[in-house]
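Engineer: A structural model of the following input is requested.
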Amino acid sequence: MSTSRFSPSQLPRLEHPDGTPVRALIVDDEPSLAELVSMGTRMLGWDVRVAHDGPAAVAEARTFSPDVLVLDRMLPGFDGTEVLTRIRSFRPGIPALFLTAKDAVEDRIDGLRFGADDYVTKPFSLEEVLLRLHRLVERSGIATADEAEIVVGDLTLNTDTREVTRAGKQVALTATEFDLLRYLMENSRRVVSKSQILDGVWHYDFGGQANIVELYVSYLRKKIEADAPPMIHTVRGAGYMLKPAT
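Structural biologist: A predicted model of the protein is given here:
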């Protein structure tokens, strides 16, 4: 399990239309792990509850009405897939992220087949879990960001209108270019690897086709750095970093 210099404050704050916070239910039979994830989600500004077994999780969900679930696959009482099935009987469509020590491809497919929206294996990065949870809630439409604009230097991206400007000038991007730029801006001043970008933007493994990242980074550079100082930097052997132009 690892942490990094990532801060939840880098993510747009999500909340319900009435201003109330996102509600997350963390379910894991390891108290220290459950506390770590709950601490991270509280730093996102969310309201968090914790349960350590299947029956307690379902009971907590009935009273708490969570917006998103973090579930261990292996739990006392009954497992995470059964927890998800039972909770969705009264909270239809609630997004769920599975945390599990099972890392075989078959186990991932099995978890997704049983209704998980995302899947992270142990040991995991807390940063990755928080980013994935944020994306799950954002995509679900349960809550909206209280700030639609992401700003890095003179580059502005509006997540609502999907407009991008550099020094006040409009930049036309394709849907994939927009998603890539958004990912880089959400992780500004941080080095992100090609595999992280593939997972964060395309949401699945391209195998040996990691050169698609290089291709789309080159597209972005031509558009946002045309007649302007560079903002996307290649970090040899590590990945890419977007930061304000100097």
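Engineer: need the helix or strand of the chain with the lowest average pLDDT.
Structural biologist: None of the helices or strands of the chain scores lower by mean pLDDT, DSSP states H and E than helix 105-113, at a mean of 63.
Engineer: any idea which helix or strand comes after it?
Structural biologist: strand 118-121 (DSSP states H and E).
Engineer: sheet-wise, list the partners of that following strand with their directions.
Structural biologist: strand 96-100 (parallel) (DSSP bridges).
Engineer: name the residues that touch the partner strand?
Structural biologist: Outside strand 96-100, the residues that touch it by Cβ atoms under 8 Å, 6 or more residues apart in numbering are 28, 33, 37, 68-74, 80, 84, 107, 111, 115-122, 124, 129, 132-133, 136. Yep, even glycine has a C-beta here, placed from its N, CA and C like the rest.
Engineer: output that strand as CSV, restricted to C-alpha atoms.
Structural biologist: Provided in CSV are the C-alpha atoms of strand 96-100 (Å, rounded to 0.1, in the frame of the first residue of the first chain):
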residue,chain,number,x,y,z
ALA,A,96,-19.2,0.2,-6.5
LEU,A,97,-15.5,-0.2,-6.4
PHE,A,98,-14.0,-3.5,-5.3
LEU,A,99,-10.8,-3.7,-3.3
THR,A,100,-9.4,-7.2,-3.2
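Engineer: pop the domain breakdown of this structure in here.
Structural biologist: 8-140, 149-242 (the TED database).
Engineer: what does the pLDDT read for the nearest residue to residue 219 once chain neighbours are set aside?
Structural biologist: Using Cβ to Cβ, 6 or more residues apart in numbering and skipping the chain neighbours, the partner closest in space to residue 219 is residue 177 (5.7 Å). pLDDT recorded at residue 177 is 93.
Engineer: list the contacts for residue 177?
Structural biologist: By Cβ under 8 Å, 6+ apart, the contact set of residue 177 is 216, 219-220, 223.
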